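Visitor: 3D, please:
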Amino acid sequence: MTDTPAPSVEEMSFEQAMRELETVVGQLERGDVALDASIALYERGAALKKRCEDELKRAEEKVAAITLDASGTPTGTQPLDAG
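Guide: The predicted model follows:
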């Protein structure tokens, strides 16, 4: 790992969070990280996983809100039912 501070998980795109999550998992699977560092990596990985899940859910909701006409052509979006 470098001395450069890791970017905030909340500011990452889905792709950035996924790439870093893959790196974290790889480091943990190798098992060559000290215990304290492993705990920090695990916590970061959990935050990255949540970020990816949240972004996927947001994208799924956006896709689900697209309305189609009778021929299957997108006509716009409809508000999501929050209830």
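
Visitor: quick one: buried residues of the helix ranked longest in the chain?
Guide: Counting by DSSP state H, the longest helix found in the chain is helix 35-64. By neighbour count with 16 or more other CB atoms under 10 Å, helix 35-64 contains the buried residues 41, 44-45, 47-49, 51-52, 55. Bear in mind the C-beta positions are built from the backbone N, C-alpha and C, glycine included.

Visitor: what's the farthest-apart pair in these?
Guide: By the measure CB to CB, 41 and 55 form the most distant pair in these, at 20.8 Å.

Visitor: Using CSV, lay out the buried residues of helix 35-64 together with distance to residue 29 and pLDDT.
Guide: Converted to CSV, those look like this (distance: CB to CB, whole Å; pLDDT from 0 to 100):
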residue, distance to residue 29, pLDDT
41, 11, 96
44, 15, 96
45, 11, 97
47, 18, 97
48, 15, 97
49, 15, 97
51, 20, 97
52, 18, 97
55, 24, 95
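
Visitor: Can you tell me which of the residues you listed is nearest residue 66?
Guide: So of the buried residues of helix 35-64, ranked by how close each gets to residue 66 (CB to CB), first place is residue 55, at 17.6 Å.
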